[in-house]
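Asks: following is a predicted model, sequence given first.
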Amino acid sequence: MFTSKNKLILVIHTVLDISLVLFSFIAAYFLKKYVIPLPFRGLALAPNYYIVLLLSLIIMYLSFNFFDIYSSFSSKRYAEIYLNMIKAVSTGMIFILSFLYILKLSEVSRVLLGLFYINLIVLLSISKGLIFIITRTYEKNIHNIKNILIVGSQQRAKEIINLITFSKENINLIGCLEIDPAKVGMEVQNNIRVLGIMEDMRNIVLSGVVDEVIFAMPLSKIESVDKYMLLIEEIGIHVRIIPDWHVHSLLYKPKFSKMLFDNFFGTPTMILSPTTSMHRELFIKSIIDYSTAIISFIFLLPVFMIIGASIKIFSWGPVFFKQERLGLNGRKFFLYKFRTMVPDAEKLLEKYKHLNEADGPAFKIQNDPRIIPFIGKILRKTSLDELPQLINIIKGEMSLVGPRPPIPSEVEQYDVWQRRRLSMRPGLTCIWQIAPNRNDIEFNHWMEMDLEYIDKWSLKLDFKILLNTLKVVVAGHGR
């Protein structure tokens with residue numbers, strides 16, 4: 001899981017650097033030929049600079065890898081990253097000059113090579129600085145911290161705790177569970193304690209934020225272990241099993257989880273994954289989410305201002321409405337919308353509860369008397385009231401596509417199987433959002449649609465939902 005994502009990051013990082021080498025050389029060529037002052041301006045027809053460019057790309061690529069400038073930025077200071085990059089570029093330049101001498105290409109402009117060297121240092125300094133800032137910002141975001149619960153407290157659990165603690169990965173160890181009540185409260189390793197016994201698992205995973213449960217003790221020692229595995233799977237939490245593996249002896253067959261094998265900090269493990277196993281594609285989804293949300297937010301700022309002014313004209317009170325919602329695996333965050341109701345709408349909820357047309361925990365009224373006249377109805381009809389959720393996407397709390405984020409009081413009334421819809425980051429739009437007569441869909445069917453999306457997820461499906469969402473917005477099918 002971690003490996004596939006890191007490999008993709010490495011590929012993107014390498015492609016970026018090689019692109020900067022290419023751009024730096026081309027820029028140096030044009031600066032030397034057309035821009036810099038006389039008498040330094042101009043280039044002779046010989047030698048063939050395509051050969052020099054190819055040589056530069058190959059040598060710089062090898063030099064970057066030799067100096068390992070792609071190792072994790074998490075545990076490094078920017079000064080260390082910068083100095084390592086200077087060493088790699090300088091060494092690469094020395095080898096380029098050496099090869100030009102060996103190949104007897106003495107006509108190559110030394111001024112051009114000097115400009116190439118300066119360009120590359122400047123561009124790589126900027127790119128490494130931006131990557132460093134993005135990495136640190138990502139790591140500090142609570143929505144990107146992986147919360148792990150460990151079952152077991154003996155040697156195997158201690159080894160896992162050590163591996164995670166010293167890995168510098170963005171992981172929070174919640175604590176451990178044991179089968180022996182006498183061990184509750186005991187410190188296992190590195191200030192990680194035993195929180196409770198196996199019977200406490202249900203309460204822990206339902207009331208807190210748990211992304212993964214690691215079984216670091218023989219499954220054969222846990223009484224009715226299949227009961228706990230089924231509970232975790234139904235909620236939508238990843239299960240990781242450290243050898244030895246006894247799943248075959250439990251006669252336990254996952255209902256919808258995929259069984260995968262993964263290298264976990266050097267330890268072979270088995271995973272029961274309730275969501276997609278396409279982790280590279282999920283990482284690409286995150287990149288698309290962030291970049292699309294940032295670009296859309298910038299371009300739609302005039303629209304934000306017009307809508308904000310319209311709300312102020314038709315109703316007193318704030319332009320934005322924020323409400324606590326639950327995101328990935330129960331993480332709390334504030335969802336933003338353009339306000340389409342009167343300022344005290346939530347206080348009036350009790351007054352109109354008897355008019356609720358939705359079944360289950362949801363609340364829907366076709367002609368809600370709390371909606372602001374004219375502008376409120378237009379915003380809901382066109383779904384433009386959802387636009388501020390671009391901010392939630394930029395903050396890493398939501399995605400462009402995913403199950404809609406519920407309010408905590410709704411989740412408290414969920415059946416266990418319905419909790420699995422929280423196993424994917426919530427979205428601005430979803431299958432339910434584009435369904436015909438979506439407000440007439442029964443609550444359980446709505447939940448089933450979200451789980452179907454999770455089970456069948458792909459980038460192609462997301463793209464299809466986004467296209468259909470645009471059609472729904474243009475057609476004004478909201479309510």
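Replies: Looks like it arrived, so ask away.

Asks: could you use CA atoms for every contact and neighbour count after this?
Replies: Noted.

Asks: quick one: residues contacting residue 446.
Replies: residue 432 (CA atoms under 8 Å, 6 or more residues apart in numbering).

Asks: tally of neighbours for residue 404?
Replies: Here the count is done by other CA atoms under 10 Å, and residue 404 has 23 residues near it.

Asks: so which strand or helix has it?
Replies: In the assignment (DSSP states H and E), residue 404 maps to no helix and no strand.

Asks: how close does it get to residue 465?
Replies: Using CA to CA, to the nearest Å, residue 404 is found at 13 Å from residue 465.

Asks: name the residues contacting each of the two.
Replies: Common contacts of residue 404 and residue 465 (CA under 8 Å, 6+ apart): 429-430.

Asks: C-terminal to the single longest helix found in the chain, what's the next element?
Replies: Secondary structure assigned by DSSP state H gives helix 110-140 as the longest helix of the chain. Toward the C-terminus, helix 110-140 is succeeded by strand 146-151 as the next helix or strand (DSSP H and E).

Asks: and for the residue nearest the centre of the chain, nearest residue in space, chain neighbours not counted?
Replies: Centroid check for the chain by CA atoms, centre = their mean gives residue 286 as the closest residue, at 4.6 Å. Nearest non-adjacent residue to residue 286, counting by CA to CA, 6 or more residues apart in numbering: residue 399, 7.4 Å away.

Asks: helix or strand: which one has the residue nearest to the centre of the chain?
Replies: helix 279-299.

Asks: and that helix, what does it pack against?
Replies: Here helix 279-299 touches helix 2-30, helix 389-394, strand 399-401, going by 3 or more CA pairs under 8 Å, 6 or more residues apart in numbering; DSSP states H and E.

Asks: buried sites along stretch 424-441?
Replies: For stretch 424-441, the neighbour count (16 or more other CA atoms under 10 Å) marks 424-435, 439 as buried.

Asks: over to stretch 187-199?
Replies: Neighbour-count burial for stretch 187-199 [16+ other CA under 10 Å]: 188-189, 192-198.

Asks: in CSV, list those along with secondary structure and pLDDT.
Replies: Formatted as CSV, the buried residues of stretch 187-199 follow (DSSP: H, G, I helix; E, B strand; the rest coil; pLDDT from 0 to 100):
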residue, secondary structure, pLDDT
188, strand, 93
189, strand, 90
192, strand, 93
193, strand, 94
194, strand, 95
195, strand, 94
196, strand, 93
197, strand, 94
198, helix, 93
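
Asks: using JSON lines, please lay out those residues together with distance to residue 309.
Replies: Formatted as JSON lines, the buried residues of stretch 187-199 follow (distance: CA to CA, whole Å):
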{"residue": "188", "distance to residue 309": "57"}
{"residue": "189", "distance to residue 309": "56"}
{"residue": "192", "distance to residue 309": "52"}
{"residue": "193", "distance to residue 309": "53"}
{"residue": "194", "distance to residue 309": "54"}
{"residue": "195", "distance to residue 309": "52"}
{"residue": "196", "distance to residue 309": "54"}
{"residue": "197", "distance to residue 309": "56"}
{"residue": "198", "distance to residue 309": "55"}
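
Asks: which of the residues you listed sit farthest apart?
Replies: Pairwise distances across those peak at 19.2 Å for 189 and 198 (criterion: CA to CA).

Asks: identify each buried residue in stretch 304-323, please.
Replies: For stretch 304-323, the neighbour count (16+ other CA under 10 Å) marks 304, 307-308, 311, 315, 319, 321 as buried.

Asks: my error: substitute stretch 218-234 in the last question.
Replies: 218-219, 225-226, 228-234.

Asks: average model confidence for that stretch?
Replies: For stretch 218-234, the mean pLDDT works out to 88.

Asks: same question for stretch 320-338, mean pLDDT?
Replies: Here the average pLDDT along stretch 320-338 is 93.

Asks: now do the end-to-end distance for it.
Replies: Distance between the boundary residues of stretch 320-338 (CA to CA) amounts to 5 Å.

Asks: for stretch 27-38, same thing?
Replies: The straight-line separation of the ends of stretch 27-38 (CA to CA) is 18 Å.

Asks: so which of the helices and strands packed on helix 279-299 gets nearest residue 135?
Replies: Nearest to residue 135 among these is helix 2-30 (11.4 Å), distances taken as CA to CA.

Asks: what about that closest one, distance to the chain center?
Replies: From the chain centre to the centre of helix 2-30 is a distance of 21 Å (CA atoms, centre = their mean, to the nearest Å).

Asks: now that helix against helix 110-140, angle please.
Replies: On the basis of axes from the mean of the first three to the mean of the last three CA atoms, to 10 degrees, helix 2-30 is oriented at 150 degrees to helix 110-140.

Asks: name the helices or strands packed onto the next helix or strand after helix 2-30?
Replies: Next along the chain after helix 2-30, taking DSSP H and E as the criterion, comes helix 49-66. Secondary-structure packing of helix 49-66 (3+ CA pairs under 8 Å, 6+ apart): helix 2-30, helix 78-102.

Asks: looking at the buried residues of stretch 304-323, which are in strands?
Replies: Applying DSSP state E to those, the entries found in strands are residue 321.

Asks: hmm, which of the buried residues of stretch 304-323 is lowest in pLDDT?
Replies: residue 315 (86).

Asks: was I right to think that one contacts residue 371?
Replies: No: contact criterion CA atoms under 8 Å: residue 315 and residue 371 do not qualify, at 10.2 Å.

Asks: shared neighbours of these two, which are they?
Replies: Shared contacts of residue 315 and residue 371, defined by CA under 8 Å, 6+ apart, are found at residue 342.
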